[in-house]
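**Student:** Here is a sequence together with a model predicted from it:
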Amino acid sequence: MSRVSVNGVMLNVTEIPQRARRRKPGLPIVLIHGLAASSAFWYAAGAPFLALMGPCLAYDLRGHGKSATPETGYSVYAMMHDLEALLDQKGIGRAHLVAHSFGGMIALLYTLTHPQRVASLSLVDVRIRPLQAAVEVEAQEIPAGVARRLRELGVDVEAIANADDGIDYLKSVAHIQIAAGAEANEMLTALYRHPRLFRTAKAAEKWIDLTERASLVTDLKREASFGAADLKGLDLPMQILVGERSTTRPSAEALYRLCPHAEMELVPKVGHFFPISHPKLFLRPTLRFLRRAGKAGA
């Protein structure tokens with residue numbers, strides 16, 4: 001683990017050497033996490049196994065994990081330039097990109113602007129804003145007892161019911177984890193069918209700070225980074241994995257129709273965070289894809 005300064009921001013970076021010594025050296029595999037997560041997401045998803053195919057580099061986006069949190073600079077372009085500068089500093093001229101959720105927006109923009117530097121693109125449950133303007137993150141009908149307890153804890157129940165974007169949903173989850181403490185798992189399961197997402201209360205507090213103090217929400221909701229017409233020109237090996245129950249499924253299906261070289265796999269009976277809840281369902285197809293992409297590149 002190291003700290004690397006890019007564009008005036010210190011990023012937390014983790015590198016995993018290629019594991020198989022007798023295997024021919026593979027191209028680097030760069031792992032890009034989503035909003036409110038960190039590079040730890042990839043360890044839970046089995047990143048050391050991906051290192052069988054080549055050395056892996058994972059990093060915390062600005063404002064996430066152990067990276068610095070500037071007040072501004074959270075557009076997709078800004079975070080794409082962070083990736084560009086990081087790869088330049090590490091001497092990585094060409095790589096496979098593996099991205100989850102919002103990380104896919106960064107990976108796609110980097111690929112559109114640096115096509116010669118991307119060997120393949122693996123998009124895992126990615127919401128692509130130009131193809132899917134809104135995400136319906138519906139809470140289950142809130143039981144009266146849960147709603148009453150949430151109000152006692154100072155949580156805005158109306159905001160939970162009216163959330164229309166993944167950013168707002170994650171903010172509600174963070175508030176519940178902080179306010180409910182030991183009760184959080186029970187409440188989140190009742191609302192969203194999953195327990196806590198943030199590893200610690202400090203991580204949840206950092207996300208709230210990022211959405212309320214820093215310019216993340218404004219930067220992301222106002223920016224037009226690329227459009228559907230741009231995506232039609234992508235000509236590289238591309239894997240699209242999406243959970244059958246995920247809210248990002250419309251993005252996956254639209255991208256698959258646009259990109260002639262894409263292969264798509266619908267992962268049955270799972271949602272948005274399946275790489276960490278069911279890592280084998282992420283690892284097996286991704287290792288197969290990287291193996292094929294590596295042979296094609298060679």
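**Tutor:** Okay, I see it. Residues are numbered from 1 along each chain as shown.
**Student:** which ones are touching the residue most central in space within the chain?
**Tutor:** Geometric centre of the chain, nearest residue: Gly34, 2.2 Å, by Cα atoms, centre = their mean. Contacts of Gly34 were listed using Cβ atoms under 8 Å, 6 or more residues apart in numbering, and they are Phe41, Ala99, His100, Ser101, Phe102, Gly103, Gly104. Heads up, the C-betas are built off the backbone N, CA and C, glycines and all.
**Student:** Output these in TSV, with pLDDT and secondary structure appended to each entry.
**Tutor:** Formatted as TSV, those follow (pLDDT from 0 to 100; DSSP: H, G, I helix; E, B strand; the rest coil):
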residue	pLDDT	secondary structure
Phe41	95	helix
Ala99	98	strand
His100	98	strand
Ser101	95	coil
Phe102	95	coil
Gly103	97	helix
Gly104	97	helix
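**Student:** possible to save those residues as CSV with neighbour count?
**Tutor:** CSV is the format used below for the contacts of Gly34 (neighbours: other Cβ atoms under 10 Å):
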residue, neighbour count
Phe41, 25
Ala99, 24
His100, 28
Ser101, 24
Phe102, 24
Gly103, 26
Gly104, 27
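**Student:** tell me which element Glu263 falls in.
**Tutor:** According to DSSP states H and E, Glu263 maps onto strand 262-267.
**Student:** list the buried ones in that strand?
**Tutor:** Neighbour-count burial for strand 262-267 flags Ala262, Met264, Glu265, Val267 (criterion: 16 or more other Cβ atoms under 10 Å).
**Student:** Send me it as PDB with only the CA atoms.
**Tutor:** Only the C-alpha atoms of strand 262-267 are listed here, as PDB (Å, rounded to 0.1, in the frame of the first residue of the first chain):
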ATOM      1  CA  ALA A 262     -19.400  -6.700 -26.100                       C
ATOM      2  CA  GLU A 263     -20.400  -9.900 -24.400                       C
ATOM      3  CA  MET A 264     -23.000  -9.800 -21.700                       C
ATOM      4  CA  GLU A 265     -23.800 -12.200 -18.800                       C
ATOM      5  CA  LEU A 266     -26.800 -11.900 -16.600                       C
ATOM      6  CA  VAL A 267     -25.900 -13.200 -13.200                       C
END
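**Student:** can you give me how far that strand is from the chain middle?
**Tutor:** Offset of strand 262-267 from its chain centre (Cα atoms, centre = their mean, to the nearest Å): 17 Å.
**Student:** partner strands of it, parallel or antiparallel?
**Tutor:** Sheet pairing for strand 262-267, assigned by DSSP bridges, gives strand 238-243 (parallel).
**Student:** neighbouring contacts of the partner strand?
**Tutor:** For strand 238-243, using Cβ under 8 Å, 6+ apart, the contacting residues are 120-126, 248-249, 251-252, 255-256, 259, 261-267, 270-272, 274, 282, 285-286, 289.
**Student:** what does stretch 268-275 give?
**Tutor:** For stretch 268-275, the surrounding residues in contact (Cβ under 8 Å, 6+ apart) are 41, 44-45, 100-101, 124-125, 193-194, 197, 243-248, 267, 277-278, 281-282.
**Student:** hmm, 6 Å instead?
**Tutor:** With contact meaning Cβ atoms under 6 Å, 6 or more residues apart in numbering, stretch 268-275 is reached by Ala45, Val124, Asp125, Gly243, Glu244, Arg245, Ser246, Val267, His278, Leu281, Phe282.
**Student:** Right, I'll leave it there.
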